[in-house]
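A.B. asks: quick one: sequence and predicted model below, then my questions.
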Amino acid sequence: MVAVLKTVSVFTIPAFIAFILIYGHIRGVAVYETFVEGAKDGLTTAFRIIPYLVAMFVAIGIFRSSGAMGFVIKVLSPVLNFIGLPPEVLPLVIMRPMSGAASTGILAELLQAYGPDSYIGRTASTIMGSTETIFYTLSVYYGSVGVRNIRYTLAAGLLADAAGILASLTVCALFFGR
Amino acid sequence: MVNTVWILLILVGILAALPAGNIEAVTQSAFDGAKHAVELSFGLIGIYALWLGLMRVAEKAGLVKALSNRMAPMLKFLFPEVPSGSPAMGAMAMNIIANMLGLGNAATPLGIKAMKELRALSHDKETATNAMCMFLVINTSSVQLIPTTVIALRSAAGSANPTEIIGTAFIATVCSTLAGIASVFILKRYY
């Protein structure tokens, strides 16, 4: 199972690239020109997230270097260890449903501080890759049609988020080993 | 809400540094953080460009439309209240596929169109219908096949194997979506 997952992970990107190029070519798309045109957006996207990255790098950096993070980790680690969550990942879990850009900043900071191939780095990456922002999405979509009473949408969204986090922790423990 | 968390992180950090005598470390980490954030974004440009280029090809080739046509049976199960020929079904299918492919920019207008079609089917215009709840829960727990931003960040941080989390993230995101769908089916009986 673990071997299968590893193989799938390694082959996904090359297979995806090949599939898109072949599919595009068959459907008569000028593949190279279209690629270049789309790639221009890479610049603007990377620059657009700079303010969010700066905000989160500074905030998390202060929180960690002051010793506050160490204190929170010490207090909460018995609880968090029970569900298998590395305490360092807690800020990401809290921010994830609120803001995509802010949680991107937190993940980037975690990867830099602990290394992308550490257990913390892998778990944080898996959580980030398997969950979505909730509050922002709901306000955009419901706002666009003027719905005020959203009934159980938020509850169901948060349940799905919690399930994604617990599943991430379980799969990472099995797959990468703590 | 992001506001509160952000302010708390910084102010609690500064206050905690005072008794510990760490105040210089706080200044240093604030400046370092700002600098690293900008350096990181340069590392992201290339990977974003690669991915957005490929995605433009997929979009122009009509991949979203082709895949969404195959989703009809599943949508019928998820949205029993919506008539199967309704334009809402088409817009929702295309939105879900665009989200799976990580085409966030293409997904949002399709999603808003889907919401407008769903509202046209409802009587009380200010209250969410079950179909709206289901659609948005699937959206917020979206099954993303390839988490591109995460891979880009891992690669920029010097990972030996940036894509190794695709498998684990996929399993976790399927669990999350299934839990979301199950929650809607259960909660809609009580609201």
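C.D. replies: In hand now; what should we look at? These figures come from a predicted structure and were not determined experimentally. Numbering: from 1, shown residues only, chains lettered A, B, ... in the order given.

A.B. asks: going by C-alpha atoms from here, please, whenever you check contacts or count neighbours.
C.D. replies: Noted.

A.B. asks: name the residue closest to the centre of chain A, please.
C.D. replies: A:Met128 (1.9 Å; CA atoms, centre = their mean).

A.B. asks: helices and strands of chain A: which one has the lowest mean pLDDT?
C.D. replies: Considering only helices and strands, the least confidently modelled element of chain A by mean pLDDT, DSSP states H and E is helix A:2-26, at a mean of 86.

A.B. asks: tell me which residues of it are tucked away?
C.D. replies: Residues A:Leu5, A:Lys6, A:Val8, A:Ser9, A:Val10, A:Thr12, A:Ile17, A:Ile20, A:Leu21, A:Tyr23, A:Gly24 are the ones in helix A:2-26 that count as buried (16 or more other CA atoms under 10 Å in any protein chain shown).

A.B. asks: isn't the second one up against B:Gly167?
C.D. replies: Yes: with contacts counted by CA atoms under 8 Å, A:Lys6 reaches B:Gly167, the gap being 7.1 Å.

A.B. asks: any low-confidence regions in chain B?
C.D. replies: Along chain B, segments meeting pLDDT under 70 span B:1.

A.B. asks: ok, now chain A?
C.D. replies: Ranges of chain A meeting pLDDT under 70: A:1.

A.B. asks: one more time with 80, if that's ok
C.D. replies: Applying pLDDT under 80 to chain A picks out residues A:1-10, A:178.

A.B. asks: returning to what we had before: give the contact list for the residue nearest to the centre of chain A.
C.D. replies: Contact analysis of A:Met128 by CA atoms under 8 Å, 6 or more residues apart in numbering or on different chains lists A:Arg96, A:Ser103, A:Thr104, A:Leu107, B:Val150.

A.B. asks: what's the burial count for the closest residue in space to the first one that isn't next to it in sequence?
C.D. replies: Of all residues beyond its chain neighbours, the one nearest A:Arg96 is A:Ser103 (5.2 Å), with distances taken as CA to CA, 6 or more residues apart in numbering or on different chains. When counting by other CA atoms under 10 Å in any protein chain shown, one arrives at 25 neighbours for A:Ser103.

A.B. asks: list the buried residues of the helix or strand containing A:Ser103.
C.D. replies: Element membership of A:Ser103, judged by DSSP states H and E, is helix A:100-114. When burial is assessed from 16+ other CA under 10 Å, helix A:100-114 yields the following buried residues: A:100-112.

A.B. asks: I'd like to know which elements it is packed against.
C.D. replies: helix A:50-65, helix A:90-95, helix A:119-130, helix B:148-156 (3 or more CA pairs under 8 Å, 6 or more residues apart in numbering or on different chains; DSSP states H and E).

A.B. asks: I'd like to know which of those lies nearest to A:Gly146.
C.D. replies: For these, proximity to A:Gly146 was assessed by CA to CA; helix A:90-95 is nearest, at 26.1 Å.

A.B. asks: who's in contact with the least confident helix or strand of chain A?
C.D. replies: Contact with helix A:2-26 is made by A:30-31, A:175, B:54, B:57-58, B:60-61, B:163-168, as judged by CA under 8 Å, 6+ apart.

A.B. asks: B:Arg119 and B:Leu110, how far apart?
C.D. replies: 14 Å (CA to CA, to the nearest Å).

A.B. asks: go on, A:Gly24?
C.D. replies: 22 Å.

A.B. asks: helix, strand, or coil at the closest residue to A:Ile134 other than its chain neighbours?
C.D. replies: Closest residue in space to A:Ile134, ignoring its immediate chain neighbours: A:Pro97 at 4.8 Å, by CA to CA, 6+ apart. Reduced to three states with DSSP: H, G, I helix; E, B strand; the rest coil, the structure at A:Pro97 is coil.

A.B. asks: now swap in A:Lys40 and tell me
C.D. replies: Classification of A:Lys40 using three-state DSSP returns helix.

A.B. asks: good, wrapping up.
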